[in-house]
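S.K.: Sequence and computational prediction follow.
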Amino acid sequence: MRVIPVSTKVQGQRRPAIARRNHEDPPPSFDAFYRKEYAGMVAIARALVAERSQAEDLVQESFISAHRHWGKVGTYDQPRLWVRRVLINRATSLRRRLGSEWRAMTRLKTEPLTRVVSDLSPPTVEVWEKVRRLPARQQQVVVLHYVSDLSVAEIGETLGLSPGTVKAHLHRARQQLKTTLSAWEEN
């Protein structure tokens with residue numbers, strides 16, 4: 001099999017180098033890919049957003065995008081990298097939109113909507129809420145490392161970052177979480 005690296009720079013940022021399969025090899029079935037990757041993608045989304053329903057919606061939207069472009073995405077050596085990137089981008093957009101809505105509701109002095117009862121234990125909810133308060137890149141690195149069990153190199157490939165940058169974000173996130181979780185345990 002011949003591997004052809006695809007681009008790495010767009011608007012000054014590195015993008016994941018996605019290798020394509022040999023055109024003679026048939027792409028995997030989308031259905032098989034979906035069944036294999038769905039649970040892992042939900043775990044990533046669940047760590048990135050507070051509500052389970054929002055996480056499942058993000059995953060479904062990401063897989064819909066993959067299905068629409070399966071002729072191209074299916075030719076990648078690791079199509080899951082593409083879907084993970086789409087999922088992270090969608091979670092980032094959702095986070096921004098919800099922040100904008102919250103600020104608008106605050107300006108209007110409107111009561112925020114009540115939250116749905118969580119399917120996670122209270123301590124787990126608290127930990128992931130602390131993770132969600134991290135800067136976006138730190139949050140993404142933590143989720144990909146601890147939820148998806150990705151190596152530094154794999155996280156870098158997914159997010160388009162160098163291994164050193166991934167290590168720096170992971171270190172800063174761990175330090176911040178150590179501080180906030182220690183203070184939380186003391187209370």
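M.R.: Done, it's in. Numbers count the residues shown, from 1 in each chain.
S.K.: What are the buried residues along the helix or strand hosting Thr124?
M.R.: In this assignment (DSSP states H and E), Thr124 forms part of helix 122-132. Going by neighbour count (16 or more other Cβ atoms under 10 Å), the buried part of helix 122-132 is Val127, Trp128, Lys130, Val131, Arg132. The C-beta positions use only the backbone N, C-alpha and C, and glycine is treated the same way.
S.K.: can I get those residues in JSON lines with pLDDT and distance to Asp31?
M.R.: Below are these laid out as JSON lines (pLDDT from 0 to 100; distance: Cβ to Cβ, whole Å):
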{"residue": "Val127", "pLDDT": "82", "distance to Asp31": "34"}
{"residue": "Trp128", "pLDDT": "80", "distance to Asp31": "31"}
{"residue": "Lys130", "pLDDT": "86", "distance to Asp31": "37"}
{"residue": "Val131", "pLDDT": "86", "distance to Asp31": "32"}
{"residue": "Arg132", "pLDDT": "85", "distance to Asp31": "32"}
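S.K.: Pick the one among the residues you listed closest to His171.
M.R.: Taking Cβ to Cβ as the measure, Val131 is the one of these closest to His171, at 14.9 Å.
S.K.: Enumerate every residue touching the closest one.
M.R.: Shown in contact with Val131 (Cβ atoms under 8 Å, 6 or more residues apart in numbering): Ala47, Gln139, Val142, Val143, Ala173, Leu177.
S.K.: which ones among those are found in helices?
M.R.: Judged by DSSP state H, these include Ala47, Gln139, Val142, Val143, Ala173, Leu177 as members of helices.
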